[in-house]
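S.K.: Predicted model and sequence below, questions to follow.
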Amino acid sequence: MTQRIEDYALIGDLQTAALVGRDGSIDWLCLPRFDSAACFASLLGNKENGHWLLAPRGANRCTSRRYTGDSLVLETLWETRSGTVKVTDFMPQRDIAPDVVRIVEGVSGTVEMNATLRLRFDYGSIVPWMRRTDGQRVAVAGPDSVWLRSVSRARPVGGELAPNEKPVVKTWGQEFSTCSSFTVGAGEKVAFVLTWHPSHLPRPDLVDPFEALEHSKEDWEEWAARCTYEGPYREAVLRSLLTLKALIYAPTGGIVAAPTTSLPEELGGVRNWDYRYCWLRDSALVLNALLSVGYAEEAEAWRDWLLRAVAGDPSDLQIMYGVAGERRLPEAELPWLNGYGGARPVRVGNEAVEQLQLDVYGEVIDSLYEARGVGLTGRPHAWDLQLALLGFLESKWREPDEGLWEVRGPRQHFTHSKVMAWVAADRAVKTLEADPSLRGDVNRWRTMRDEVHRDVCEKGFDPVRNTFTQAYGSRELDAATLLIPRYGFLPPDDPRVVGTVDAVRAELGKEGLVHRYSTEGTSVDGLPGGEGTFLVCSFWLADALLMTGRRKEATELYERLLALRNDVGLLAEEYDAALGRQLGNYPQAFSHIGLVGTALALAAEDKAG
């Protein structure tokens, strides 16, 4: 049976990530990068599409699991009739080759363990050639090569742990898989190391799994210790920050929206998209969150990634890029995968890369403005780039676009897109006012700012219902309008803001959570079916309630959202309130940004009070 999305935990090495289920199976892993083809793809198909199971014989669900301290090292506990065993899963931050390490440790009694490694390259479609060499199993297919080895470490009586690099677990081939069975007693440790490298190169240096475990813990703990946030809900905030850190592609500073593709927004539906890329919007909000809690190094790395990725003609600005700034992300379907829970098609690549989304210009310029405000080291060409983006937006903001939600229906004059055009002009004005040495026509940007503001208030507001609408001339609502007071377009106590908050909660709310827009009837996005409530929009509602003086309601909503996290603190993109389960790609940066942002807002309110 398909596990629930929230049944998975995340491990990663800051270049890719894997999902580990409660049943002890790694069902998703792309190597060597987030956006590479998966070698374990059973998440989107079945076990024949690749997975790595490691669990006690006959067990199908662990007893408990947790991350070790403030790290991404996962500990899973299994209690059986014959004894208790702990499995530690992690990916060391790599020097060259990516490794997945799984350490089995006997806690009490004796436990018989079973392991099945079923490698299927190219998203579960290619069965590799397996062979033995130097006591290891080697899988090769085309450009990919994976090595599997086992190492033991026992506890001598009265002595220190001593490594034994000999293969300790006998493996055999069965149904194009590598299988093994072994027993561990109290104090015994057996480690498996899975290493990927290009098939045309020599095998990389071997990693000591036990030393790597200590180094990995230290790396994550040291990073977590840099967090300056000491307000309410700190544990939840820090876990979300660790999740966001895990979604950063360390070599370039790019931030992926999620490490998965095609996890459905509706069970059995067609709203299945590839999120393994760097959205400017999502990444800009991550930058703001990181800057707020002391992580200037990551924020600077993303800012530099941004400047490289968007360099060139501002008319060619894309809403997303590859992790190294790649522009071509062609969308394709993988018909051999049945989809998560039967949700098809399974897609790789993302056609939305070709869309016009005018709000992105505002988000990028706002993020660079915020970075400048906290003293992030400047780049000589950063202001020139912003001027170019502003110049393009000045000529385009009156046009319709696909908007924040990447609709695949006709372009419209989305209210949120226009508001973000105002944000772009407003931040340009404030930057020039703060630093008159910068070149630019401040009066020109003031004029643009005022014109956009009038346009939105006249055409994007429904005076009868006292609410801003999703698009000009539309009666539909959009949760993105909850951001109007956050960006300073109108003050929180403006009756139009209060009316919008109330209308969105009433018309888009479901069991206290919020849909991003209505998918009933003729949907604006041009797609059949529906979707779950959008988690970041629910955090936006909490923020808006707080800003409009409803602290108690904001806190109650926030704490309800915290309760939707799984046992290791992870959130997907959406939540199905009727079924009580998470939906969409996972873990989702946008959701964790919302969690951090609302906590910061509540803390700021406490401090101000």
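M.R.: Thanks, I have it.
S.K.: what about the helices in the stretch 1-150 of the chain?
M.R.: Residue ranges of the helices in the stretch 1-150 of the chain, as given by DSSP state H, counting those that start in this stretch, are 121-124.
S.K.: Low-confidence ranges, it, go.
M.R.: Low-confidence regions of the stretch 1-150 of the chain, defined by pLDDT under 70, span residues 1.
S.K.: redo that, cut-off 90
M.R.: Scanning the stretch 1-150 of the chain for pLDDT under 90 picks out 1-2, 95-96, 132-136.
S.K.: now do the stretch 301-450 of the chain
M.R.: Using pLDDT under 90, the flagged stretches of the stretch 301-450 of the chain are 302-304, 306-317, 364, 367-368, 370-386, 407-409.
S.K.: So which residues of it form strands?
M.R.: Assigned by DSSP state E, counting those that start in this stretch, the stretch 301-450 of the chain shows strands spanning 320-321, 332-333, 347-348.
S.K.: now the last one, how far from the centre of its chain.
M.R.: Strand 347-348 has its C-alpha centroid displaced from the chain centroid by 17 Å (C-alpha atoms, centre = their mean, to the nearest Å).
S.K.: Tell me the strands beside that strand, with direction?
M.R.: strand 332-333 (antiparallel) (DSSP bridges).
S.K.: got it, and the first one?
M.R.: For strand 320-321, the paired strands and their directions (DSSP bridges) are strand 278-279 (antiparallel).
S.K.: ok, back up a step: now the strands of the stretch 301-450 of the chain in TSV, with mean neighbour count?
M.R.: C-beta coordinates here come from the backbone N, C-alpha and C atoms, glycine included. Formatted as TSV, the strands of the stretch 301-450 of the chain follow (neighbours: other C-beta atoms under 10 Å):
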stretch	mean neighbour count
strand 320-321	26
strand 332-333	13
strand 347-348	20
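S.K.: Quick check: which of those strands is nearest to Thr500?
M.R.: The closest of those to Thr500 is strand 320-321. By C-beta to C-beta, the value is 28.1 Å.
S.K.: what residues does the closest one touch?
M.R.: 254, 257, 277-280, 309, 327, 329, 350, 352-353 (C-beta atoms under 8 Å, 6 or more residues apart in numbering).
S.K.: on that earlier part again, relative to Ala115, which of the strands of the stretch 301-450 of the chain is closest?
M.R.: Comparing the strands of the stretch 301-450 of the chain by C-beta to C-beta, strand 347-348 comes nearest, at 28.6 Å.
S.K.: Contacts for that closest one next, please.
M.R.: 123, 261-262, 272-274, 331-334.
S.K.: at 6 Å instead, please
M.R.: For strand 347-348, contacts defined as C-beta atoms under 6 Å, 6 or more residues apart in numbering pick out 261-262, 272, 274, 331-333.
S.K.: can you check stretch 139-158 too?
M.R.: 119, 121, 126, 128-130, 136-138, 161, 163-165, 167-169, 187-199, 209-210.
S.K.: before we move on, what about stretch 475-490?
M.R.: Taking C-beta under 6 Å, 6+ apart as the rule, stretch 475-490 contacts 404, 416, 419, 422-423, 468, 470, 492, 497, 500, 504, 507-508, 514, 516-518, 537, 540-541, 544, 547.
S.K.: Mind checking which of the residues you listed land in strands?
M.R.: 468, 514 (DSSP state E).
S.K.: In ChimeraX, how would I select just the buried ones from the contacts of stretch 475-490?
M.R.: Of the contacts of stretch 475-490, the buried ones can be selected in ChimeraX as follows, counting by 16 or more other C-beta atoms under 10 Å:
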select :404,416,419,422,423,468,470,492,497,500,504,507,508,514,516,517,518,537,540,541,544,547
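S.K.: Could you check how many residues crowd around Thr2?
M.R.: 18 (other C-beta atoms under 10 Å).
S.K.: Now for it: which residues touch it?
M.R.: Gly341.
S.K.: taking the contacts of strand 320-321 one by one, which sit in helices?
M.R.: Among those, DSSP state H puts 280, 309 in helices.
S.K.: Apart from its chain neighbours, what residue comes closest to Lys430?
M.R.: Tyr369 (6.8 Å; C-beta to C-beta, 6 or more residues apart in numbering).
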